[in-house]
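Enquirer: A predicted structure for the sequence below; I have some questions about it.
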Amino acid sequence: MERLMGVTSRQSIASTSERLRLLGYALSIAVAAWLAMPATSQAKEPIEVGTVAALSGYLANYDGEFLNGLKLAVKVLNENGGADGHMINLHILDNGSNATTGVTVTNQLINQYNVTAMLNGASSATSLAIHPIAADAKVPFVTLSQLPPEHKWAFLSTTAFSRVMDLELKFTTQYLKAKKIGIIFNQTPAAQGATKQLTELAPKWGLEVVATQGVEVTATDFTPQMAAFKDAQPDAILDFMTGPAHILEAKAAATVGLKAALVMGLDDTTTFRQASSAYANSYLSAIPSQVYPDVADPAQKAAVGAFLEQHKKGGLDPAGVQAAGSGWDAAFMLAEAVKKSGATSGEALRGAFETLDYQGAVTHWRFTADDHTGQEKSEALQTAKWDNDAMKVVFRPN
């Protein structure tokens, strides 16, 4: 009996060993088959995205809010599968609010980090300088600045000066009933071009341009310019500036005893609040997120509400939503373009941007080959005034 039991035990062990050997063989075949599967069934490659923005210099605060919105959007996108399955790797380099540095870091992003798209900050001089580089490398970029004259590879994520200009002219003539205006602008390519265009348009609106003043972006005292406006006696002063310049403008207007209304272009809520505290007769061209929930269009209101909910969850400063909204929209426009084209680089991606139709937080973007602002049909802007510690809409164009 003991011999029989021993034999049976040895047979059982041998049988178990054979089953394990066969199982191991089967597993090796399964692993080999998985490794041989097409790459499309595995995770998609990430998309390397560059950002040239001001972490220092006069645009640092403004671009800082833009970066807050951009990083928030990338986080939300990546948590939900990325851009059509591609995780977004964001590489942010400082241009120091300077175009020369902007060229250097653009080359670094393209050649060192191998970026295939860029989502950039507010320096129009940088956009002008880097466009040939981006075009040569076939890297489309979305920018918080205004577009350079040649902009085949550039698209806006902010309100176009043409839309701001249209609003300012309507507000100045219909609301303020002005007849004489002054224009003040930063010495940047975009602001200089807008001033030239506004000077040519004003007579068609029955407005006389009685004084024009340009200021360097590094200026810290606008008193001479405001004194010159006081002598010219305009009914309103329209500007093309952003950031601390608006505060300096307002303080100088109060110092010289100016009476004219200051009709300001785009800016964040914090800056406008400080400008209004210095000079109460100030108005701002406000985007929907700055006056929410007082947003006329239902689709626009819903998009702004979704953005503001995430902005609040992220613990970000509610006063920074103007530039943050542009950062948010830039990332989602990239994701939509990747999904639309099935591409993460080159002409295919650029072409997808050029035909993109996307409801964003800033506006409803409708890009075409002839309109890289995406705003030919946009009416998202309104004029606001700081009143009772809040932004209040005082004028909407018909």
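Expert: Sure thing, it's come through.

Enquirer: Next up, the contacts around A73.
Expert: Neighbour list for A73: G327, W328, D329, A330, A331, F332 [criterion: C-beta atoms under 8 Å, 6 or more residues apart in numbering]. For the C-beta atoms, the positions are set from N, CA and C on the backbone; glycine is no exception.

Enquirer: Equivalent analysis for M241, please.
Expert: Taking C-beta under 8 Å, 6+ apart as the contact definition, M241 lies against I184, F185, N186, A191, V215, E249, M264, G265, D267.

Enquirer: try Q322
Expert: So Q322 contacts E65, L266, D267, D268, T269, A286, I287, S289, Q290 (C-beta under 8 Å, 6+ apart).

Enquirer: What sits closest to the fourth one if chain neighbours are left out?
Expert: Pointing back at D268 there. Q322 (4.5 Å; C-beta to C-beta, 6 or more residues apart in numbering).

Enquirer: On the three-state scheme, that neighbour is what?
Expert: Put simply, Q322 is helix when judged by DSSP: H, G, I helix; E, B strand; the rest coil.

Enquirer: That one and L207, how far apart?
Expert: Distance of Q322 to L207, computed by C-beta to C-beta, to the nearest Å: 27 Å.

Enquirer: Same check on S285?
Expert: Distance from S285 to L207, by C-beta to C-beta: 17 Å.

Enquirer: that older thread, so of the contacts of Q322, which ones are in helices?
Expert: In helices, judged by DSSP state H, the following of the contacts of Q322 are found: E65, T269, S289, Q290.

Enquirer: quick one: which of these has the most company?
Expert: Within the ones in helices among the contacts of Q322, S289 tops the neighbour count with 27 neighbours, counted by other C-beta atoms under 10 Å.

Enquirer: Now do the contacts for that one.
Expert: Contact analysis of S289 by C-beta under 8 Å, 6+ apart lists V304, F307, L308, V321, Q322, G325, A361, V362.

Enquirer: tell me which of these is nearest to G243?
Expert: Using C-beta to C-beta, Q322 comes nearest to G243 of those, at 11.2 Å.

Enquirer: thinking again about what came up before, so can I have a markdown table of the contacts of A73 showing distance to P244?
Expert: Converted to a markdown table, the contacts of A73 look like this (distance: C-beta to C-beta, whole Å):
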| residue | distance to P244 |
| --- | --- |
| G327 | 20 |
| W328 | 24 |
| D329 | 24 |
| A330 | 23 |
| A331 | 27 |
| F332 | 29 |
